[in-house]
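S.K.: Prediction below, plus the sequence it came from.
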Amino acid sequence: MDDGLLIPVSALQHVLFCERQFSLIHVERMWSENRFTAEGRILHERVHAEHHESRRTVRQEFGFAIRSTTYGLIGICDLVEIQLQDRKTPVCITPVEFKRGKTKETDVDLVQLCAQAICLQEMFEMDVPCGQIYYLQEHRRKTIEIDDPLVSQTLILVERCRSLMAGEETPKAVYEPKKCNACSLFDLCGPKHFGAGGKQVSRYVQNQTRIIQTENPA
């Protein structure tokens, strides 16, 4: 599959959280950081810097690159734990995702973890029946079963991502205070200004830049 059509596993939580947020990040290539995203980024950087650790029957790989050619997925697992038989033969693969917050009411974290499991299953040619999420605020791992409903939900989201990337319009903004006020893209998204239609924020920014340049020529 063309690399331009590959869907980052992290994009699945974006599209489930908000399709407009997904399009701003992955189609219009816009990004802004707030305290929450900065803390999450620092956490992942620290985890990925661990590289790997081996014990007699378990190997831990941090920052492990993953890919699925079947579903067109690509990404990085924070941690992959590989249980070994005879110190070399994998018998169980478990992806572990690290999150700065706590267990969420929605499935945004679960679909990302499921996508990782789908990639690992293809790469190692073995079942990945579960994964784990470590929530920093809860100081514990939560085991997630990778069952058929979760896999189906995840693959539907993969196709939705691909559809949005192929489209020409960014989904219109819908202002939801609880979600929007916590989003790092709030100012770029402008949910109170762009709610009438699927206007591209990047196009708006370009137009405003032209107006400023016209009014204030160099």
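M.R.: Perfect, thanks for sending it.

S.K.: tell me what the helix or strand that contains residue 134 is packed against?
M.R.: Element membership for residue 134 (DSSP states H and E) is strand 130-135. Under the contact criterion of 3 or more CB pairs under 8 Å, 6 or more residues apart in numbering; DSSP states H and E, strand 130-135 touches strand 89-99, helix 108-124, strand 140-145. Heads up, the C-betas are built off the backbone N, CA and C, glycines and all.

S.K.: Going along the chain, name the helices of the chain.
M.R.: 11-17, 19-26, 35-48, 108-124, 148-166, 177-180, 186-189, 201-215 (DSSP state H).

S.K.: rank these by mean pLDDT and give me the bottom one.
M.R.: Of all the helices of the chain, mean pLDDT reaches its minimum on helix 201-215 (a mean of 50).

S.K.: Can you tell me how far the closest residue to residue 116 other than its chain neighbours is from residue 124?
M.R.: Distances taken as CB to CB, 6 or more residues apart in numbering place residue 95 nearest to residue 116, at 4.1 Å, with adjacent residues excluded. Here the criterion is CB to CB, to the nearest Å. By it, residue 95 lies 11 Å from residue 124.

S.K.: Please say which of these two ends up with more neighbours.
M.R.: Taking other CB atoms under 10 Å, residue 95 and residue 124 do not tie; residue 95 has more neighbours (28 against 14).

S.K.: That one bridge partners, please.
M.R.: Beta-bridge partners for residue 95, by DSSP bridges, are residue 80.

S.K.: residue contacts, it?
M.R.: 77, 79, 80, 113, 116, 117, 120, 128, 131, 132 (CB atoms under 8 Å, 6 or more residues apart in numbering).

S.K.: what's around the second one, how many residues?
M.R.: Using other CB under 10 Å, the number of residues around residue 79 comes to 21.

S.K.: and what of the fifth one?
M.R.: Counted with other CB under 10 Å, the burial measure for residue 116 works out to 30 neighbours.

S.K.: what about it, distance to residue 190?
M.R.: In terms of CB to CB, residue 116 sits 33 Å off from residue 190.

S.K.: Equivalent analysis for the second one, please.
M.R.: Taking CB to CB as the measure, residue 79 and residue 190 are separated by 37 Å.
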